[in-house]
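Chemist: sharing a model that was predicted from the sequence below.
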Amino acid sequence: MKIAVVVGTRPEIIKMSPIIRECERRKQDYFILHTGQHYSYNMDRVFFEQLELPVAKYNLDAGSGSHARQTGKILIGIEQVLTKEQPDVVLVEGDTNTVLAGALAATKLHIKVGHVEAGLRSYDRTMPEEINRVLTDHISDFLFAPTEQSKQTLLKEGIEENKIFVTGNTIVDAVYQNLELASKKANVLKQLGLKEKEYFLVTTHRQENVDDKDRFQGILSGLQQLAKEYEMPVVCPIHPRSRKKMEEFGLSADNINLVDPQDLFGFLQLEQHAKLVLTDSGGVQEETCILGNPCVTLRDNTERPETIEVGSNVLAGTIPEDIVDSVSIMFNKERDGDNPFGDGTSGKKIIKILEERL
Ligand code: UD1
Ligand code: UDP
């Protein structure tokens with residue numbers, strides 16, 4: 001069996017790393033195909049280096065662009081590689097344009113598609129990620145659902161049960177594999193002058209938030225109110241999309257400590273020791289739930305409802321008063337459930353399932 005592991009963006013590299021490590025451990029015939037959707041050092045190569053992943057055999061250098069341009073470029077590039085390599089299965093992870101293009105190119109070539117993190121739904125079709133998830137799930141042959149709830153979602157949409165496997169989410173593997181290393185190797189709190197449990201950590205990059213001036217302004221105002229009310233620093237490793245939009249809209253970030261995107265060890269350390277995390281990231285909602293740290297989600301919906309059900313997360317939207325109220329709600333809330341995303345063996349399970357069936 002030959003596996004093509006497709007990655008393109010920061011979260012895909014992180015969430016595919018346990019699968020890549022498992023392929024290496026088993027001396028599996030596989031190769032990495034990087035689409036180059038993310039390309040800045042701190043959004044891409046730093047994770048290969050820190051996680052000690054092999055260099056991708058192919059890099060399509062697709063880069064940034066409109067949805068059609070970016071997806072189209074990746075689609076054409078992946079088709080060429082798959083035609084040459086003829087893998088038995090193409091693995092894609094998550095909900096980016098890389099994922100949709102990878103799955104579509106493969107299925108048209110009659111190559112099997114495995115979707116890691118299948119069955120997530122925000123039921124908000126204005127999100128590009130929701131379109132990518134739905135379409136990818138419906139053209140996949142192996143749907144690796146992180147939870148029983150995501151499996152049920154897929155069944156309701158008419159996907160055959162024998163294609164669905166509940167494996168947990170590989171983010172748990174990644175956190176377990178890297179947390180100890182993070183505590184040994186990262187020194188980010190000291191570097192940023194922060195004290196444990198005395199700062200808020202923030203990430204925001206979702207298109208529907210930062211490409212909309214009013215929503216982005218709402219988030220920044222909410223954060224500024226928090227800094228004032230709690231007299232605590234608000235640290236925000238800023239995504240390149242958000243930095244660009246902030247400059248374009250002329251938004252001010254007074255009282256917010258904007259820093260460059262962090263490497264994984266640094267970011268895990270920041271997450272673990274924050275008083276509370278505010279985010280619109282999918283991966284960060286999951287990681288805070290795994291680490292047992294409270295999270296406020298700067299969105300109106302989530303495709304990770306399990307995090308809310310176990311009491312680790314709450315939806316705030318982007319109105320400043322709602323953000324401040326949500327922080328107070330989380331400070332007074334008891335956690336009432338375990339991490340719902342598995343035991344850290346998802347990567348192993350996924351490769352085993354493929355080996356047994358291909
Ligand atoms: C993409 C995914 C999103 C995912 C996120 C992870 C889609 C539709 N979106 O969003 O689901 O949550 O990655 O971080 O696939 N840029 C750089 N350097 C980079 C990459 C991007 O400067 O390495 C800047 C460019 O100005 C670019 C902008 O960020 O135009 C947006 O990049 P893009 O890949 O289109 O989307 P993301 O917002 O990163
Ligand atoms: N992350 C990181 N450095 C940062 C911010 C995030 O390493 O400065 C990691 C984080 O630990 C998580 C992943 O990036 O594993 C989430 O990616 P992102 O928020 O870009 O995308 P999403 O999960 O929303 O698709």
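Modeler: Perfect, I can see it now. Here the structure is a predicted model, which means the values were calculated and not measured. Ligands and ions are numbered 1, 2, ... in the order given.

Chemist: residues of the stretch 51-200 of the chain that sit close to ligand 1?
Modeler: 64, 95-97, 128-129 (C-beta under 6 Å from any ligand atom). C-betas here are computed from N, CA, C, even on glycine.

Chemist: which one of the residues you listed is nearest residue 117?
Modeler: Ranked by distance to residue 117 (C-beta to C-beta), these are led by residue 95 at 7.5 Å.

Chemist: OK, contacts around the closest one?
Modeler: 117, 120, 129-130, 132-133, 136, 282 (C-beta atoms under 8 Å, 6 or more residues apart in numbering).

Chemist: phi and psi next, for residue 234.
Modeler: The phi/psi pair for residue 234 (degrees, to the nearest 10) reads phi -110, psi 110.

Chemist: number of residues surrounding it?
Modeler: By the measure other C-beta atoms under 10 Å, the count of residues near residue 234 is 23.

Chemist: could you measure from it over to residue 204?
Modeler: Residue 234 sits at a distance of 12 Å from residue 204 (criterion: C-beta to C-beta, to the nearest Å).

Chemist: again, but for residue 252
Modeler: Distance from residue 252 to residue 204, by C-beta to C-beta: 15 Å.

Chemist: and these two? which has more neighbours close in?
Modeler: residue 204 (26 against 11).

Chemist: how about the more buried one, nearest residue that isn't a chain neighbour?
Modeler: Nearest residue to residue 204, sequence neighbours excluded (C-beta to C-beta, 6 or more residues apart in numbering): residue 280, at 5.1 Å.

Chemist: before we move on, back to that, looking at the contacts of residue 95, which one is closest to ligand 2?
Modeler: residue 282 (3.8 Å; C-beta to the nearest ligand atom).

Chemist: strands along this protein, start to end?
Modeler: Applying DSSP state E to the chain gives strands spanning 2-7, 29-34, 58-59, 89-93, 112-116, 142-145, 164-166, 200-203, 234-237, 257-259, 276-279, 295-297, 313-315.

Chemist: which other helices and strands contact the last one?
Modeler: It refers to strand 313-315. Helices and strands touching strand 313-315, by 3 or more C-beta pairs under 8 Å, 6 or more residues apart in numbering; DSSP states H and E, are helix 282-291, strand 295-297, helix 305-309, helix 320-331.

Chemist: most packed of the ones you listed?
Modeler: Burial of the helices and strands packed on strand 313-315 is given as mean neighbour count (mean count of other C-beta atoms under 10 Å); strand 295-297 ranks first at a mean of 27.

Chemist: close to ligand 1, is that one?
Modeler: No: Strand 295-297 stays out of contact with ligand 1 when judged by C-beta under 6 Å from any ligand atom, the minimum separation being 13.4 Å.

Chemist: show me what that strand is packed up against.
Modeler: Strand 295-297 packs on strand 276-279, helix 282-291, strand 313-315, helix 320-331, going by 3+ C-beta pairs under 8 Å, 6+ apart.
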